[in-house]
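Undergrad: coords please:
(chains A and B)
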Amino acid sequence: MTQIRLRNSMTRKVEDFTPIDAQNVRMYLCGPTVYDRAHLGNARPVVVFDVLYRLLRHVAKENGWGKITYVRNFTDVDDKINATALARQKAGAEGSLEDLIRARTEETIGWYHADMDALGALRPTYEPRATDYIGAMIAMIEKLVGEGHAYAAEGHVLFRVRSYQKYGALSGRTVDDMIAGARVEVAPFKEDPMDFVLWKPSDANEPGWDSPWGRGRPGWHIECSAMSYELLGASFDIHGGGIDLQFPHHENEIAQSCCAHPEGSFANYWVHNEMLQVEGKKMSKSLGNFFTVRDLLDQGVPGEVIRYIFLRTHYSKTMDWTDEKRRDAYNRLYRWREELTGVKPSKPDEKIIDALANDLNTSEAARLLDVIFLQWMQSKSDVSSPRETEANEAKFVASAHLLGLLLPTTGEWFSKQFDFGVLENQLSELRDTAMETKDFSKLDAMKQVLVAAGVEVRMSKAGVELLPGPDFDPAKLEGL
RNA sequence: GGCGAGUUGGCGGAGUGGUGACGCAGCGGAUUGCAAAUCCGUGUACAGGAGUUCGAUUCUCCUACUCGCCUCCA
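TA: You can find the predicted model right below:
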C-alpha cells in the first residue's frame, strides 16, 4: 500500500490522497487553447500531471484500485482562433468560417499531440473539445439561471458571484477585496463587478451556436465545468492546472459547478504547478525569450531532455529554463541511453515511488536515479556480483520509465545518430601512424575540427569512438 | 492597493529541531601520445534581525529582496 500525498491548493496543506471511488480514480487537467503551437510553459503541467498519472496507474496495481480516468480538454472556442480563421478567409481560403476554425484547431491539436508525445506524455483517457460540449454548457447555464445563480443581460449571461458564498476560497480572496483592488473596466450590464460571463453574443464574423439567449458562444470557464461533469461526474478526485489559472478560471469553475450541482463536491484535491521562466525572466514575446516546444525539438533538444529538466524542479516552484540545464540534461540522458538502451525493466525502486508519492517530489526521484546509476556503475566494475549489476540496471530502467524517461518511444534522438564510421576509421589510421612516427600534428588537427563541431572524441587502447555532443553541428565537419 | 509563493555552497536543487542530499562546475589523483570520457578523492551554504529551545538552516514574529496572480495566459 502506497499512500500518495498531495499539496491541496484549497487547504494549502499536504494531504493524504484518498480516492472517492477506488475503482475509478478521476483527474481533470485544464488543457490548451488550440490557437497555436504550445510554448514551453504549456508543457510543464502536461509533464507534471503525466508523472501523477503514471504514479496513480502504478499505485493502482499495488493498492487494488481500478482504472484511472484522466481528462484533459482542448479549448477550441477562442478569439485568437477566430482571428486566424477570419484572416485565412480574407486571404481567400475556401470554406465557411466554421470550417476554417475547425481546420485551424485540427491543425493545432495535431501539433500539440506530436509535441507532447515527444515529451513522453501519455495521452489522457479523454480529450474533449469544447465545441463538442456546447449543449452541455447551455444546459448547465440554463440550470444556473433557473436557480438564480446567473442572469441574462444584453445578450450575455453572467454568473452572479454573490450567490456563491464560498467564492474566493481557492485563491484566498474575498469578493470585496477584489473589487477594492480591481483595475478593470466593468461592463455596465453587470450587477456586480466580479460577475463573469457564461455566454456571450456572437456577430456574423464569430462562431456561434443557437441558445435561449440568442446566437452566441460560451465564456471561457464554463467548458471545464460542463466537460468535467459529463466525463467525471459532480465529484471527482483531482483537478490540476497552472497556478495562473487558480484565479479566476478555477475559482469560476468551482462556483459554476458547485451551484449547478450542489449534490457534488466538484474537485477534492487541487494541484497547481508554478510558472516557468527563461534565464531568470518571465517568458514573453516582448523579451524575445519566447519559444515553443517545437522550437526546441527542431534545435535538436530531445523531448525527454526537456522532460528531465522539468522533473528536476518540484512542480510547486518556479522553474528556470537555462542553457546550462539543457546541456547538463542532454549529457546525462545521453549517458543513460548509451549504457542502458535495450535493458529490460524490472520494478521501480521503492524509494523513488515513495518520493513521488510524497507530493510528486520528482527532484528527489531524479537524485535517487543518480544514486542507483552510480551503484550500478560501481557494481559493474566489480565482476564478482553480476546479479547485483543486472538487478540495478533493470531497476534503474523501470524507475526511469515510471518518470517517463528512457522510454523506447522517445529514444529516436539517440538511435538516429550521425554515422561516424568513416571518420572513426580515418582518425584511427591517423592515430596509428602518429603513434609510430611520434608526429601527432595531423591527428591533433583532425581532432580539433571534430571537437569544434561538437563531437566527443574518445580514444583509448580499445580504439577510437566518436559521439555527437549536445552542440554537434554536422555542417562543421565539411572538409574532413 | 489586495492576495499568494519564495530567498540553501560558484551554479542547479532536495531535506531535516542536534555528525549539512545529489548533480554540474572547481581542485587533486588514476587513465591517455596530449585530451575527452570514465573511475577515486576533496573544499565551500541554509537572506538579515529577534524570539521559542539544552540546541534551529529546519518552529514563531519582524525586516529586506525576488517572483507570480488580481486582464488573455500553463
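Undergrad: you'd agree residue A:62 is up against residue A:1?
TA: Yes - using C-beta atoms under 8 Å, residue A:62 is in contact with residue A:1, at 6.9 Å. C-beta here means a position set from N, CA and C on the backbone, and glycine is covered the same way.
Undergrad: same drill for these two, tell me which one is more crowded.
TA: Taking neighbours as other C-beta atoms under 10 Å, residue A:62 and residue A:1 compare with residue A:62 leading, 10 against 6.
Undergrad: what about the stretch 201-350 of chain A, any weak spots by pLDDT?
TA: Regions of the stretch 201-350 of chain A meeting the criterion pLDDT under 70 cover residues A:286-288.
Undergrad: give the bridge partners for residue A:33, please.
TA: residue A:75 (DSSP bridges).
Undergrad: identify the residues contacting it.
TA: Listed by C-beta atoms under 8 Å, 6 or more residues apart in numbering, the contact partners of residue A:33 are A:75-76, A:78, A:80-81.
Undergrad: out of those, which end up buried?
TA: Among those, those classed as buried by 16 or more other C-beta atoms under 10 Å are A:75-76, A:78, A:81.
Undergrad: biggest helix in chain A, by residue count?
TA: Scanning chain A for the longest helix, with DSSP state H as the assignment, gives helix A:40-63.
Undergrad: in that one, what's buried?
TA: Applying 16+ other C-beta under 10 Å to helix A:40-63 flags A:40-60 as buried.
Undergrad: repeat that for stretch A:172-180.
TA: By neighbour count on 16+ other C-beta under 10 Å, the buried set for stretch A:172-180 is A:173, A:175, A:178.
Undergrad: and the last one, helix, strand or coil?
TA: Reducing the assignment to helix, strand or coil with DSSP: H, G, I helix; E, B strand; the rest coil, the entry for residue A:178 is helix.
Undergrad: was I right to think it contacts residue A:168?
TA: Yes - Residue A:178 lies in contact with residue A:168 (C-beta under 8 Å); the separation is 7.2 Å.
Undergrad: which positions in the stretch 301-450 of chain A make contact with RNA strand B?
TA: A:312-314, A:316-320, A:322, A:324-325, A:328, A:332, A:335, A:358, A:361, A:363-364, A:367, A:370-371, A:374, A:377-378, A:381, A:431, A:434-435, A:440, A:443-444, A:447 (C-beta under 7 Å from any atom of the strand).
Undergrad: coming back round to it: how about CSV for the contacts of residue A:33, with distance to residue A:200 and pLDDT added?
TA: Shown next, in CSV, are those (distance: C-beta to C-beta, whole Å; pLDDT from 0 to 100):
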residue, distance to residue A:200, pLDDT
A:75, 15, 93
A:76, 16, 91
A:78, 12, 87
A:80, 16, 86
A:81, 15, 89
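Undergrad: which member of these is positioned nearest residue A:89?
TA: Distance ranking of the contacts of residue A:33 against residue A:89, using C-beta to C-beta, places residue A:81 first at 12.6 Å.
Undergrad: phi, psi of that closest one?
TA: phi -70, psi -40 (degrees, to the nearest 10).
Undergrad: so what's it closest to, chain neighbours aside?
TA: Distance criterion C-beta to C-beta, 6 or more residues apart in numbering; nearest residue to residue A:81, sequence neighbours excluded, is residue A:35 at 4.7 Å.
Undergrad: I'd like to know how many residues surround that neighbour.
TA: Counted with other C-beta under 10 Å, the neighbours of residue A:35 add up to 18.
Undergrad: how about residue A:262?
TA: Neighbour count of residue A:262, defined by other C-beta under 10 Å: 10.
Undergrad: help me confirm that it is found in a helix?
TA: No - if the criterion is three-state DSSP, then residue A:262 is coil and not within a helix.
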